[in-house]
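Student: Just need the structure, nothing else, for what follows:
(chains A and B)
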Amino acid sequence: MATTATQPRTLGTGRRSRIHWIGIIHKIFVYVLLVSISLFFFFPLLWMMTTAIKPTSQMFQIPPIWIPKPPQWDVFHTTWNRTNFNVYLGNTLLITILSMIGRVGSCALVGFSFARLRWPGKNVLFLITLSTMMLPFQVLMIPQFLIFKEIGWINTHYPLWVPAFGGAAFYIFLMRQYFMTMPRELDDAAKIDGCGWLGIFWRILLPLSHPALATIAIFTFMSQWNSFLEPLIFLSSSKKYTLALGLAMFRDQFDVDWNAIMAMSFLMVLPCLTIFFLAQKYFIQGISTTGLKG
Amino acid sequence: MGLRQSPAMLQEHFLSRSRRHESLMGWLFATPWVLGLLLFNLFPFVYSFGLSLTSFRIGYPTEFIWFGNYVEMFTDDPVFGKSFGNTAYFVALGVPLGLVTSLLLALLLNQKVVGVPLFRTMVFVPSIVAGVAVALLWLWILDPNIGLVNHLLREIGIRSPPLWLQDEDWAKPALIVMTLTGAGGATMVIFLAGLQNIPTELYDAARIDGANSLRQFFFVTIPMLSPVILFNTITGIIGAFQVFTLAYVATGGLGGPNNSTMFYALYLYNISFWWGRFGLGAAMAWFMFVVIMVFTMAQLALSKRWVFYAGE
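Tutor: Modelled structure (predicted):
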């Protein structure tokens, strides 16, 4: 590993320079690997972008053209207006934002209860909570469909965001873990100052847990934005479609128009990319804490 | 009762009052999840088992048929077996490949060289743009006639490159390669965090004992990383059993060619929402749940033999 090269300072000069060289070769090797592998991973996304803005004449040229001349920027505009993407975007935003509010709120409340309060049945409920993480959506989807049908929610957006207000096991666990890392002295101090449990939650712990709340909000955004199976099951008329569903159906209509398909795909991933670059820290923190404590 | 006892009793009285208050507040705070758990998880869970014992089909009379659906699944439905085989193939090949790729990436990105954050970002980004858009992108890249991959293959002299998603033998490997581009995502980050948690003293000690890099990897890194490997394996398998969007979009929901990409979750969807056979669909879902449970329990049981918890 990289550190081996810098270790033995006390040895003779001949040995040291040999080790020095090994270190340099090692570094070069690592860089070549890093650059080629990260390009390999990143490249499909670039191909998506470049396909979108390529004039048709350059699409199938060999060797492939990376920077089209001239780039067709208007493909985004014209394709967007060809179908109901405005409506899809509105639907997706509604579902995504409501889900974020619901899930952050409910998971914070429940996580606080699990982390801080003592109540009968807590441990049993916590075990049940953890085991629901193993429940595949497939087991729940048919009964959920029948229940939502019974109350007239099929082909509405309710099935897609209302359940978020009931919390989700994984994020409740994340909140609980986060609250547990906070010293209990905070609660005691607040209690002496006359704070009730709600006050401790709202005024003391919640303002300190921005990172965990942000993690939940971001993950919820990502999963709802890209969600496909749920909208596919619960929605039927195209006016209610989300972007993911609309994009899949769009492909069925414009089968070989790869310009248009890639342009819309790119617009679909753009918000995810933007949020990732703005909030990279929360992504990495959120993932690594859940993985290591899980 | 003597007066002397009253302070203690008072204390107890207030304590139990505050205890009762705390219990009440605990349940109140947990209410959203209690409702969510009952309405959207436990009730549907039990309900679907009940359904699986009926012939429930949209537009047909419902009968209670005990384990008839399960019998039909195993004895009278060749596509069921095929779809299970497809998913087993996907799990058996895709999960280990994904884990190894993620681990290798994490090892590489754990090197202390300048610019690692940039590389980490580039490797991570493909994993966050999951779903329909990525499936379409790969459909385009792997298009047999005009896709980039086959262009390049023809360029280097391969006359008739594979038809990828339109070829029965290549469709599943192609789908596995697609999922591998997400290997730089959450799994990798968890490995990376695990690597960074390993105390450097262990490597120093191993080096003093004369262990080379390879030995250090197998005798320090792997044992110290084993809890994280277990976690990633379990979540990876659960995820792979449920693969749906990729196969649905790539094949227009048909699972072709010749059912070679008819994954279990896709077939379950088709049975339930295309044919309206909710009873059979529920039975398939329950079987999937049992398989996932058995896998997870087996891994947890086996883990006692190979997972090393440094804290204990």
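
Student: How is the chain divided into domains?
Tutor: Since no chain was named, I'll use chain A. Per automatic domain parsing, the structural domains of chain A span A:2-72, A:84-293.

Student: if you could check chain B rather than the one you did, that'd help
Tutor: Taken from automatic domain parsing, chain B resolves into B:3-41, B:68-306.

Student: Any stretches of chain B with poor pLDDT?
Tutor: B:1-11, B:13-14, B:311-312 (pLDDT under 70).

Student: Could you pull up phi and psi at the residue in the stretch 1-150 of chain A positioned nearest to chain B?
Tutor: For the stretch 1-150 of chain A and chain B, the shortest gap (CB to the nearest CB) falls at residue A:119, measuring 3.0 Å. The way it works is simple: take the backbone N, C-alpha and C, and place the C-beta from them, glycine included. Phi and psi for residue A:119, reported as degrees, to the nearest 10, are phi -150, psi 150.

Student: where does it land on pLDDT?
Tutor: The predicted structure scores residue A:119 at 94 on the pLDDT scale.

Student: Which helix or which strand is home to the closest residue to it other than its chain neighbours?
Tutor: Of all residues not flanking residue A:119 in the chain, residue B:26 sits nearest, at 3.0 Å (CB to CB, 6 or more residues apart in numbering or on different chains). Element membership for residue B:26 (DSSP states H and E) is helix B:6-36.

Student: Which elements pack onto that helix?
Tutor: If you count contacts as 3 or more CB pairs under 8 Å, 6 or more residues apart in numbering or on different chains; DSSP states H and E, helix B:6-36 packs onto helix A:85-116, helix A:122-132, helix A:197-199.

Student: now the ones you listed as a markdown table including mean pLDDT and distance to residue B:66?
Tutor: A markdown table is the format used below for the helices and strands packed on helix B:6-36 (pLDDT from 0 to 100; distance: least, CB to CB, whole Å):
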| stretch | mean pLDDT | distance to residue B:66 |
| --- | --- | --- |
| helix A:85-116 | 96 | 38 |
| helix A:122-132 | 94 | 27 |
| helix A:197-199 | 93 | 49 |
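
Student: if you compare those, which one is most tucked away?
Tutor: The highest mean neighbour count among the helices and strands packed on helix B:6-36, using mean count of other CB atoms under 10 Å in any protein chain shown, belongs to helix A:85-116: a mean of 21.

Student: Could you confirm whether any residue of it contacts chain B?
Tutor: Yes - applying CB under 8 Å from any CB of the partner chain, one finds helix A:85-116 touching chain B at A:105, A:106, A:109, A:110, A:112, A:113, A:114.

Student: Nearest to residue A:171 among the helices and strands packed on helix B:6-36 would be which one?
Tutor: Of all the helices and strands packed on helix B:6-36, helix A:85-116 sits nearest to residue A:171, with 4.2 Å by CB to CB.

Student: got the angle for the closest one vs helix B:6-36?
Tutor: On the basis of axes from the mean of the first three to the mean of the last three CA atoms, to 10 degrees, helix A:85-116 is oriented at 150 degrees to helix B:6-36.

Student: Report all helices and strands that helix A:85-116 contacts.
Tutor: helix A:122-132, helix A:158-161, helix A:169-180, helix A:210-226, helix A:243-253, helix B:6-36.

Student: Could you save these as a markdown table and add columns showing distance to residue B:233?
Tutor: Compiled in a markdown table, these are given as follows (distance: least, CB to CB, whole Å):
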| stretch | distance to residue B:233 |
| --- | --- |
| helix A:122-132 | 18 |
| helix A:158-161 | 31 |
| helix A:169-180 | 17 |
| helix A:210-226 | 21 |
| helix A:243-253 | 28 |
| helix B:6-36 | 28 |
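
Student: quick one: which of the ones you listed is nearest residue B:56?
Tutor: Closest approach to residue B:56 among those (CB to CB): helix A:158-161, 19.6 Å.

Student: Are there helices or strands packed against the closest one, and which ones?
Tutor: In this structure, helix A:158-161 makes packing contacts with helix A:85-116, helix A:137-150, helix A:229-234, judged by 3+ CB pairs under 8 Å, 6+ apart.

Student: hang on, the earlier thing: got the contact list for the residue of the stretch 1-150 of chain A closest to chain B?
Tutor: When the contact criterion is CB atoms under 8 Å, 6 or more residues apart in numbering or on different chains, the partners of residue A:119 are A:113, B:22, B:23, B:24, B:25, B:26, B:27, B:30.

Student: Counting neighbours, which of these end up buried?
Tutor: Buried by 16 or more other CB atoms under 10 Å in any protein chain shown: A:113, B:23, B:25, B:26, B:27, B:30, out of those.

Student: which residue sits closest to the second one in space, ignoring its chain neighbours?
Tutor: Distance criterion CB to CB, 6+ apart; nearest residue to residue B:23, sequence neighbours excluded, is residue A:119 at 4.2 Å.

Student: distance of that neighbour from residue B:211?
Tutor: Separation of residue A:119 from residue B:211 (CB to CB, to the nearest Å) stands at 51 Å.

Student: quick one on the thing from earlier: go through the buried ones among the contacts of residue A:119 and say which is closest to residue A:124.
Tutor: For those, the nearest to residue A:124 is residue B:30 (11.9 Å; CB to CB).

Student: Let me see the contact set for the residue nearest to that closest one when sequence neighbours are not counted.
Tutor: If the residues on either side of it in the chain are set aside, residue B:30 comes closest to residue A:113, at 4.3 Å by CB to CB, 6+ apart. For residue A:113, the contacting residues are A:119, A:122, B:25, B:26, B:27, B:29, B:30, by CB under 8 Å, 6+ apart.

Student: Now the two most distant members of the residues you listed.
Tutor: Once CB to CB is applied, those give A:122 and B:25 as the farthest pair, at 11.9 Å.

Student: burial count for residue B:241?
Tutor: 22 (other CB atoms under 10 Å in any protein chain shown).

Student: meant to ask about residue A:165
Tutor: Residues near residue A:165, counting by other CB under 10 Å, number 17.

Student: Residue A:132 versus the closest residue to it other than its chain neighbours, what's the distance?
Tutor: Nearest in space to residue A:165, with sequence neighbours left out and distances taken as CB to CB, 6+ apart, is residue A:102 at 3.7 Å. From residue A:102 over to residue A:132 the distance is 17 Å, taken as CB to CB.

Student: ok so, going back, make JSON lines out of the helices and strands packed on helix B:6-36 and add distance to residue B:242.
Tutor: Formatted as JSON lines, these follow (distance: least, CB to CB, whole Å):
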{"stretch": "helix A:85-116", "distance to residue B:242": "20"}
{"stretch": "helix A:122-132", "distance to residue B:242": "15"}
{"stretch": "helix A:197-199", "distance to residue B:242": "38"}
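
Student: Residue B:305 is nearest to which of the ones you listed?
Tutor: Nearest to residue B:305 among the helices and strands packed on helix B:6-36 is helix A:122-132; the distance by CB to CB comes to 23.0 Å.

Student: so what secondary structure elements neighbour that closest one?
Tutor: helix A:85-116, helix A:169-180, helix B:6-36.

Student: what's the closest of these to residue A:69?
Tutor: Once these are compared by CB to CB, helix A:85-116 is nearest, at 27.5 Å.

Student: Could you report the neighbour count for residue B:40?
Tutor: Per other CB under 10 Å, the neighbour tally for residue B:40 reads 23.

Student: okay but it is in contact with residue A:165, surely?
Tutor: No - using CB atoms under 8 Å, residue B:40 is not in contact with residue A:165; the gap is 10.0 Å.

Student: picking up where we left off before, tabulate the contacts of residue A:113 (a markdown table), appending distance to residue A:72.
Tutor: Shown next, in a markdown table, are the contacts of residue A:113 (distance: CB to CB, whole Å):
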| residue | distance to residue A:72 |
| --- | --- |
| A:119 | 62 |
| A:122 | 60 |
| B:25 | 60 |
| B:26 | 60 |
| B:27 | 60 |
| B:29 | 54 |
| B:30 | 54 |
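
Student: and which of the residues you listed is nearest residue B:152?
Tutor: Of all those, residue B:30 has the smallest distance to residue B:152: 56.0 Å, by CB to CB.
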